[in-house]
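Asker: structure, please.
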Amino acid sequence: MLSGLRDCADVTPYWTELKRWPTDRLERLGHGLAAVTDRRWSHDSVLDRVERLLALTPSAERAAAAARVALAGSDARARRMAALLAQGQEAEVLLPLLRDLPAGARATELGACLLHELVLRDVSVAPVAEPWRRRLAGHPLAHLPLHPLPAESRLPLPRYSEHGQAHAMPSGGSADLIMSPGVVPVAERQTTPADATAPVTTWLTESNGHAEAAVFTLAEPLAPAGVGIRTLESLGLSCLAGDGLALRPATLPEVVAVLFGAAANGGAYDHGQGGAYGRSATWRSVAALAGGTHEGAAWWLFDAANDWFRRIAWDLGVVCLRPGGRGLAVLAATDED
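Answerer: Next comes the predicted model:
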């Protein structure tokens, strides 16, 4: 099969055939595909299929085979395999798998992502939490708790099938539009933390997206009730230029859902960062926008009928009034196919 795939123009017949293969044969093919150096799109397409057939079919045997295939591939494939396994397998299968993962950087990457993919699905990882906390010291996901946070109650997790990934972006909230002009503050623009745009990294690097993020210090404290249309329009941002601004108050869970949806699911032409790294990007952005702590911050969601927003499917706008009312942060992003 490997030689036939090199110049293959249509992999559909292979997909149909693979559904009939037993686990051990799928695993051998997965290892063979992972080892190909002169890669073609057809190799990646069939390897995607093998990974999904192994991970999404409930079975301890298939889950173990999926993990071994992931360890033979790249870190990016290990991250995606973690999401597939978390969706397709029961906790009784995955917790022993986590306990028994071998040493090594790729196994640690697979385990780290699988832990957080399970947490995001409200699956308790308590039986393996302590050894993994020690193992993850210094890992990029080590700052995240191994339990769900209150604001993570409505996350739009990516959904996978044997055919691919389904994207989902949450709505902009159901609160009534703010119609008041609001206070026009005296605002001084500050350096924007790089983490503010963390949720839309793949929109910017792998798709057609663009983003604008800004942080302002206000001369006088601003109350949440004083935030209105003119408040934002006065900041001089490109994403807010022109008429048509639609601004809604939002809760922290609503903001987290929007940021997570952008990070985990991706934009028009990318597959996003996945659940585990999407979770990390979301909370890093929340901290950057809120100035360190979100306790006491007020939030809004917005979009605008202007030339900046593409208004196709991938748009987000977040405003944060920082605790104490002396700082205002804005993040906007848009993408198109």
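Asker: any idea of the pLDDT on the spatially closest residue to Gln190 that is not a sequence neighbour?
Answerer: Of all residues not flanking Gln190 in the chain, Val215 sits nearest, at 4.7 Å (CB to CB, 6 or more residues apart in numbering). For glycine as for every other residue, the C-beta is placed from the backbone atoms N, C-alpha and C. Looking at Val215, its pLDDT reads 98.
Asker: specify the local secondary structure of Val215.
Answerer: Counting by DSSP: H, G, I helix; E, B strand; the rest coil, the backbone at Val215 sits in strand.
Asker: what is the neighbour count of it?
Answerer: The tally of other residues near Val215 (other CB atoms under 10 Å) stands at 22.
Asker: mind listing what it touches?
Answerer: Going by CB atoms under 8 Å, 6 or more residues apart in numbering, Val215 touches Arg189, Gln190, Thr191, Thr192, Pro193, Ala196, Leu289, Gly291, Gly327, Leu328, Ala329, Val330.
Asker: just the buried ones from those residues?
Answerer: Thr192, Pro193, Ala196, Leu289, Gly291, Gly327, Leu328, Ala329, Val330 (16 or more other CB atoms under 10 Å).
Asker: which stretches of the stretch 101-250 of the chain form strands?
Answerer: For the stretch 101-250 of the chain, applying DSSP state E, counting those that start in this stretch gives strands covering 159-161, 164-166, 187-190, 210-218, 245-250.
Asker: partner strands of the longest one, with direction?
Answerer: When pairing is defined by DSSP bridges, strand 210-218 lines up against strand 187-190 (antiparallel), strand 327-335 (antiparallel).
Asker: can you list the buried residues in that strand?
Answerer: His210, Ala211, Glu212, Ala213, Ala214, Val215, Phe216, Leu218.
Asker: so the spatially most central residue of the chain, which of the three states?
Answerer: Of all residues in the chain, the one closest to the mean position by CA atoms, centre = their mean is Ala264, 1.8 Å from it. What three-state DSSP gives for Ala264 is helix.
Asker: ok, Asp315 next?
Answerer: What three-state DSSP gives for Asp315 is strand.
Asker: surely it meets Trp308?
Answerer: No. Between Asp315 and Trp308 there is no contact under CB atoms under 8 Å: 9.6 Å.
Asker: shared neighbours of those two, anything?
Answerer: Common contacts of Asp315 and Trp308 (CB under 8 Å, 6+ apart): Thr334.
Asker: who has more neighbours out of those two?
Answerer: Asp315 (23 against 19).
Asker: what's near enough to touch that one?
Answerer: Applying CB under 8 Å, 6+ apart, the residues contacting Asp315 are Asp303, Phe309, Ala333, Thr334, Asp335.
Asker: how many neighbours does the second one have?
Answerer: Summarising burial for Phe309: neighbours were counted as other CB under 10 Å, giving 21.
Asker: phi and psi next, for it.
Answerer: For Phe309, the backbone dihedrals (degrees, to the nearest 10) come out as phi -80, psi 130.
Asker: domains for this protein, by residue range?
Answerer: 2-148, 187-335 (automatic domain parsing).
Asker: most tightly packed of these?
Answerer: Highest mean neighbour count of those: domain 187-335, a mean of 20 (counted as mean count of other CB atoms under 10 Å).
Asker: mind listing the helices for this protein?
Answerer: 2-5, 12-18, 23-34, 41-55, 60-72, 75-88, 91-100, 105-120, 126-135, 201-206, 229-233, 252-265, 274-290 (DSSP state H).
Asker: take those helices and write them to JSON lines, including mean pLDDT and distance to Leu222.
Answerer: Shown next, in JSON lines, are the helices of the chain (pLDDT from 0 to 100; distance: least, CB to CB, whole Å):
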{"stretch": "helix 2-5", "mean pLDDT": "58", "distance to Leu222": "60"}
{"stretch": "helix 12-18", "mean pLDDT": "78", "distance to Leu222": "56"}
{"stretch": "helix 23-34", "mean pLDDT": "94", "distance to Leu222": "54"}
{"stretch": "helix 41-55", "mean pLDDT": "89", "distance to Leu222": "49"}
{"stretch": "helix 60-72", "mean pLDDT": "97", "distance to Leu222": "49"}
{"stretch": "helix 75-88", "mean pLDDT": "96", "distance to Leu222": "40"}
{"stretch": "helix 91-100", "mean pLDDT": "98", "distance to Leu222": "46"}
{"stretch": "helix 105-120", "mean pLDDT": "98", "distance to Leu222": "34"}
{"stretch": "helix 126-135", "mean pLDDT": "97", "distance to Leu222": "40"}
{"stretch": "helix 201-206", "mean pLDDT": "95", "distance to Leu222": "30"}
{"stretch": "helix 229-233", "mean pLDDT": "96", "distance to Leu222": "8"}
{"stretch": "helix 252-265", "mean pLDDT": "96", "distance to Leu222": "18"}
{"stretch": "helix 274-290", "mean pLDDT": "98", "distance to Leu222": "15"}
